[in-house]
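A.B. asks: this is a predicted model, with the sequence first.
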Amino acid sequence: MEKVKPRGVKRGETPAWKVGRKATGRERDKNISFRVTQEEKELIYRVLDEVGGNRTDALIKKLKK
């Protein structure tokens with residue numbers, strides 16, 4: 001009788017093949033969240049839009065002043 005070779009990877013071993021998504025190396029991968037009213041949100045967005053660029057860059061510019 002022929003011996004059947006087991007398929008897959010043994011427990012505790014890492015597979016030889018590379019699967020999944022490659023990391024993109026993003027710098028801004030953290031988030032900050034807080035609750036505001038609708039009026040406060042509109043005010044924040046209006047101020048950040050006046051600075052120009054995207055809102056993240058605008059917020060950083062405002063904080064560094």
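C.D. replies: The structure has been received and is ready for your questions.

A.B. asks: report pLDDT for the most centrally placed residue in the chain.
C.D. replies: By C-alpha atoms, centre = their mean, the chain has its centre lying nearest to residue 29, at 4.0 Å. At residue 29, the model reports a pLDDT of 80.

A.B. asks: now do the buried residues in the worst-scoring helix or strand of the chain on mean pLDDT.
C.D. replies: The least trusted helix or strand in the chain, going by mean pLDDT, DSSP states H and E, turns out to be helix 55-64, with a mean of 92. Neighbour-count burial for helix 55-64, counted by 16 or more other C-beta atoms under 10 Å, picks out 58, 59. (C-beta placed from N, C-alpha, C; glycine too.)

A.B. asks: with just CA atoms, put that helix into PDB.
C.D. replies: Output of helix 55-64 as PDB, limited to C-alpha atoms (Å, rounded to 0.1, in the frame of the first residue of the first chain):
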ATOM      1  CA  ARG A  55      -7.800  68.400   6.600                       C
ATOM      2  CA  THR A  56      -5.100  66.400   8.300                       C
ATOM      3  CA  ASP A  57      -2.300  68.700   7.000                       C
ATOM      4  CA  ALA A  58      -4.400  71.700   7.900                       C
ATOM      5  CA  LEU A  59      -4.900  70.500  11.500                       C
ATOM      6  CA  ILE A  60      -1.200  69.800  11.900                       C
ATOM      7  CA  LYS A  61      -0.400  73.300  10.500                       C
ATOM      8  CA  LYS A  62      -2.800  74.900  13.000                       C
ATOM      9  CA  LEU A  63      -1.400  72.900  15.900                       C
ATOM     10  CA  LYS A  64       2.200  73.900  15.100                       C
END
